[in-house]
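Peer 1: got a predicted structure here, sequence first:
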Amino acid sequence: MKLALTVNGERHDVDVPPNTTLLSVLRDDLGLTGTRYGCGRGQCGACYVIADSRAVASCLLTADQAARMEVTTIEGLAEGNRLHPVQQAFVDEDAMQCGYCTSGMVISAAALLGRDPRPDEISIRDALAGNLCRCGVYGRAIRAVQRAAGTRELGGRGAEPPERS
Amino acid sequence: MWDRHDPERLEQRIRVEPDGSITALSGKIEFGQGIRTAFAQIVADELDIPIERVNVVLGDTDQVPFDFGTFGSHSIVQETPLLRKAAAFARHLLLDRASAKLGLPAEKLDTEAGAIVGGGKRVPYAELLDSEPLAGTIPDRVALMPADRRKYAGRPMPRLEARDIVTGRATFVADVRLPGMARGAMVRPPTRGAKLRSLDDSAARTMPGVIAVVRQGDVVGVVAERDEQARAAAGAVVAEWHVVPVEGPTAEVPMRSDADVDEKFRAASVRLAQTYVLPPIASAPIGPSAAVADIRAAGATMYVGTQRPFGVREQVAKTVGLPEKKVRVLPQITSGTYGRNSAADAAVEAAILSKGSGRPVLLQWTREEEFAWSPSRPEAVLEISAGLDAAGRIVAWRYDEHTNVHTAAGLDPQVLTVTSGRNAVPPYTGFPARVTLHIEPTRLRTANFRSLAAAENVFAIESFMDELASLSEQDPLAFRLRHIDDDRFRRVVERVAERSRWRERPGGRRGRGIACTVYHDTYVAQVAEVEVSLSGAVRLVNVWCVVDPGQTLNPEGVRNQIEGGIQQSASWTLREELLHRDGRVINTGWDTYPIATFRDAPESIDVLVAGDESAPPTGVGEPGAVPTAAAIANAVYAASGARLRSVPLTRERVRKAMAG
């Protein structure tokens, strides 16, 4: 079926089989591979995008449903060379290891700050609870969101010099 | 087994590019453990060049020197000295060339920001190539850059890939896109090892987008234009299978057998025997396995996530019938897999599909396939008995580890000792011990997983140390220190006690537990603080960790790795158990195999990197995960009086143990 999607502020015309997921269209038709496949059931958060201001699992939306929404993917957060504050904070806090879940986390955090610019820690944990990370960077990611929100002054990196024995 | 004996060639290690940038080559692989950054730091220092101008190529089998694989947190240990020496040698060659070119003695010349300087002149490295690349055998001894001139090693550094990761530009395996690339989906048997009896693909072949149904031996898959078309067609293939039970091997390996253990045990004033049980767990990467294969008659290119690029090359070459030198393996950034990537499953399958369809093929496993078909950490049953003398010192130690085989490396007793038997021998001294490893059969597919058997053995040993301390009314910290004679080990244990204020016990329903170990010469000690509710729910509140990985290249990278190890291990300990019957995994999704989430993360994980700078660098990817289970179980005991000898520490188990 023929569809027109608005992704990262641009209109894209695609022709895909019925019931194709938004995730599949992003990755396979639009070449936006920063949105990752993780489970196909909305249980891991790797494929989150912002659709009409909310973080949603793109594996659960059909492209047809998404055609009625404004979709922002991880590729659409930065403005030119200037990273979105959440992206910059994830770099500054070294809040990643393998990086596979990072796109989804950054999306959830950006959507959170969009509706609540100064969330408390519990709100951050709740907003990102759908984003699984196996490498275990939860603590750093929380600090990164706090940093992006301006509720945490000190950076993780270099904040504490290594002690020598 | 990981030693390299042949002298190394510079051209396989360091290349000065025509634009003056440096390419450094290594067969090791980045999985998020930060080795790309660590290698760039060393090379930038030795070649006196800004780190932005160093490009690290990892695992490209057409370019890098042969490497056995990225395992056991060895990368930093093995590669650091080699790359450092290679880069230092390259710098000397550049100085020699400049000396000849400028007619000045090399001693009058120096390097600065990617150029040779001296006699009022400045020659960028690129101008010294004259279409003659640097080459030669790297000598055994090369003068290294003095420590006070190193700008990067030892300093906190952001990961080189960080910006690509946060912008989504990083290319993971499944993000590779080739012209004409099709998508694959496999037809799975009921259990592993099943033989294909018959195949009816008539319906599948006519479905939209289908390019080919491919069969090679007992491997069957579909290639189609789109992912969902390949999956739908794979579902329409009718296959009949003959189920053949597959079982892992058995073995018995005496690992230590001191004289008089039984006599000393019988003569002890106090004796204790306990058994600890850990279930199989899944490596459960967030990104399921994937591979892209482009197999042509003239040669093959593989885009994979692997710990063993040369192993994949060998397997793929054999599978598609090409000589190894015609197969190029290009490792891509991959989801962390914590050991699972030593199996080349998806790569071999993608190669079969590409060869059978004549198209480049991307094969992306589903979440269910990842749980069902990838190898798991074996289960373990650990039996320990020990005796104490009247003064509360250990006088005899007997340990039987029952587990399944961890690697495909075979049943050589020496290999088993360092794989399935890893850390079965306690790090404590002053008593005779008998330690025996029993490899028992399993229908489950088992394999390497972060730290191999060390996490299981250390859970048992460190829980038991607590039980011995409690039995003889000694402080768990003091009891451990009485049996440690290695200064570095003692230091991390003492410092984690200081750091966590061990002596100030938290009140209420909170408790603290300590655990420590030595893993491949990395010393690590942890204190966990938990809160146990009346219903038995365990909340991990804080963790303190002190680690000594010897000389430290990137302290921030070390902290990140250790924190991650602790967080992952807390998830194993509190939540995870893989269920299986007749070799089939039962829980194949995140709903039935839950892992820790943002809500479960402790309030703080305090990591102090206290490396002994006089000792060689050791790995940190695995050791952080090793003592955590025991630290948590010991904390649960301190908080509630419930001693848990089986993980995961579920609410039901804790409640039952509290009821006594």
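Peer 2: Done, it's in.

Peer 1: which one's the longest helix in chain A?
Peer 2: Ranked by residue count, the top helix of chain A under DSSP state H comes out as helix A:102-115.

Peer 1: using PDB, list the CA coordinates for that helix.
Peer 2: Extracted in PDB, the C-alpha atoms of helix A:102-115 (Å, rounded to 0.1, in the frame of the first residue of the first chain):
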ATOM      1  CA  THR A 102      21.000   3.700  23.600                       C
ATOM      2  CA  SER A 103      18.800   5.000  20.800                       C
ATOM      3  CA  GLY A 104      15.700   3.900  22.700                       C
ATOM      4  CA  MET A 105      16.800   5.300  26.000                       C
ATOM      5  CA  VAL A 106      17.700   8.700  24.500                       C
ATOM      6  CA  ILE A 107      14.300   8.800  22.800                       C
ATOM      7  CA  SER A 108      12.500   8.000  26.100                       C
ATOM      8  CA  ALA A 109      14.500  10.600  27.900                       C
ATOM      9  CA  ALA A 110      13.900  13.300  25.200                       C
ATOM     10  CA  ALA A 111      10.200  12.600  25.300                       C
ATOM     11  CA  LEU A 112      10.200  12.800  29.100                       C
ATOM     12  CA  LEU A 113      12.000  16.200  29.100                       C
ATOM     13  CA  GLY A 114       9.600  17.400  26.400                       C
ATOM     14  CA  ARG A 115       6.700  17.100  28.800                       C
END
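
Peer 1: wait, does the helix or strand following it make contact with chain B?
Peer 2: Sequence-wise, the next helix or strand downstream of helix A:102-115 (DSSP states H and E) is helix A:121-127. Yes - using C-beta under 8 Å from any C-beta of the partner chain, we find that helix A:121-127 touches chain B at A:Ile124, A:Arg125, A:Asp126. No exception for glycine: its C-beta is placed from N, CA and C like everyone else's.

Peer 1: where's whichever residue of chain B sits closest to chain A, which helix or strand?
Peer 2: In chain B, the residue that lies nearest chain A is B:Gly168 (1.9 Å; C-beta to the nearest C-beta). If you go by DSSP H and E, B:Gly168 is not part of any helix or strand.

Peer 1: likewise B:Asn542?
Peer 2: Using DSSP H and E, B:Asn542 falls in strand B:538-548.

Peer 1: and that strand, what does it pack onto?
Peer 2: helix B:487-499, strand B:522-532, helix B:555-575, strand B:604-609, helix B:628-640 (3 or more C-beta pairs under 8 Å, 6 or more residues apart in numbering or on different chains; DSSP states H and E).

Peer 1: relative orientation of that strand and helix B:628-640 in degrees?
Peer 2: For strand B:538-548 against helix B:628-640, the angle by axes from the mean of the first three to the mean of the last three C-alpha atoms, to 10 degrees is 130 degrees.

Peer 1: hmm, back to that, can you redo the residues of helix A:121-127 next to chain B as TSV with distance to B:Ala234 and neighbour count?
Peer 2: Shown next, in TSV, are these (distance: C-beta to C-beta, whole Å; neighbours: other C-beta atoms under 10 Å in any protein chain shown):
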residue	distance to B:Ala234	neighbour count
A:Ile124	40	24
A:Arg125	39	19
A:Asp126	38	14
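
Peer 1: from the residues you listed, which is closest to chain B?
Peer 2: Nearest to chain B among the residues of helix A:121-127 next to chain B, with distances taken as C-beta to the nearest C-beta, is A:Arg125, at 4.6 Å.

Peer 1: for the spatially closest residue to the closest one that is not a sequence neighbour, give me its contacts.
Peer 2: Closest residue to A:Arg125 apart from its sequence neighbours, by C-beta to C-beta, 6 or more residues apart in numbering or on different chains: B:Phe598 at 4.6 Å. Taking C-beta atoms under 8 Å, 6 or more residues apart in numbering or on different chains as the contact definition, B:Phe598 lies against A:Ile124, A:Arg125, A:Asp126, A:Leu128, A:Ala129, A:Asn131, A:Tyr138, A:Ala141, A:Ile142.

Peer 1: and the nearest residue to B:Gly358 once chain neighbours are set aside, how many neighbours?
Peer 2: Closest residue to B:Gly358 in three dimensions, ignoring its sequence neighbours and counting by C-beta to C-beta, 6+ apart: B:Ala212, at 7.9 Å. Neighbour count for B:Ala212, taken as other C-beta atoms under 10 Å in any protein chain shown: 21.

Peer 1: and for B:Ala239?
Peer 2: 19.

Peer 1: which residues touch the one residue in chain A that gets nearest to chain B?
Peer 2: Of all residues in chain A, A:Gly34 sits closest to chain B, at 1.9 Å by C-beta to the nearest C-beta. By C-beta under 8 Å, 6+ apart, the contact set of A:Gly34 is A:Thr73, A:Ile74, A:Glu75, A:Ser103, B:Thr167, B:Gly168, B:Arg169, B:Ala170.
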